[in-house]
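Student: coords below, sequence missing:
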């Protein structure tokens, strides 16, 4: 199964980890990545801490925990390649009409942030047998 098919078909929960230029780490809940091609994904980001962190440090990690029993999922290691502030593109990509956690999210400035996938690992372990 391709990575795009995996994220389109496997239900789960995602967390993005970033750090600022001083190495101060933050994590935030994020939906599934939007696949641009096999090596590039995009996330819709509000103008919050995660977005601020990648302005000075383009590296991020995305952890996806599959729903159900056990500990299955993926870890994506990412490098930001570009971003755009384009509400038309944000609305085209958006999967939900509103953020289920924070109503203020709808009022905030949004960005489409593109990342190169540097490495993919399983949720647990190195992926080597």
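Tutor: Received, thanks. This one's a predicted model, so the numbers in the text were calculated from it and none came from an experiment.

Student: From now on I want contacts and neighbour counts done on CA atoms only, so please keep to that.
Tutor: OK.

Student: all helices for this structure, in order.
Tutor: For the chain, helices defined by DSSP state H occupy the ranges 3-9, 49-56, 87-93.

Student: Just put the ones you listed in JSON lines and tack on distance to residue 35.
Tutor: Shown next, in JSON lines, are the helices of the chain (distance: least, Cα to Cα, whole Å):
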{"stretch": "helix 3-9", "distance to residue 35": "6"}
{"stretch": "helix 49-56", "distance to residue 35": "19"}
{"stretch": "helix 87-93", "distance to residue 35": "10"}
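
Student: so which of the ones you listed comes closest to residue 115?
Tutor: Residue 115 lies closest to helix 49-56 among the helices of the chain, at 10.5 Å (Cα to Cα).

Student: contacting residues for the residue nearest to residue 49 when sequence neighbours are not counted?
Tutor: Nearest non-adjacent residue to residue 49, counting by Cα to Cα, 6 or more residues apart in numbering: residue 26, 7.6 Å away. By Cα atoms under 8 Å, 6 or more residues apart in numbering, residue 26 lies in contact with 17-19, 49-50.

Student: measure residue 26 to residue 89 for me?
Tutor: Distance from residue 26 to residue 89, counting by Cα to Cα, to the nearest Å: 26 Å.
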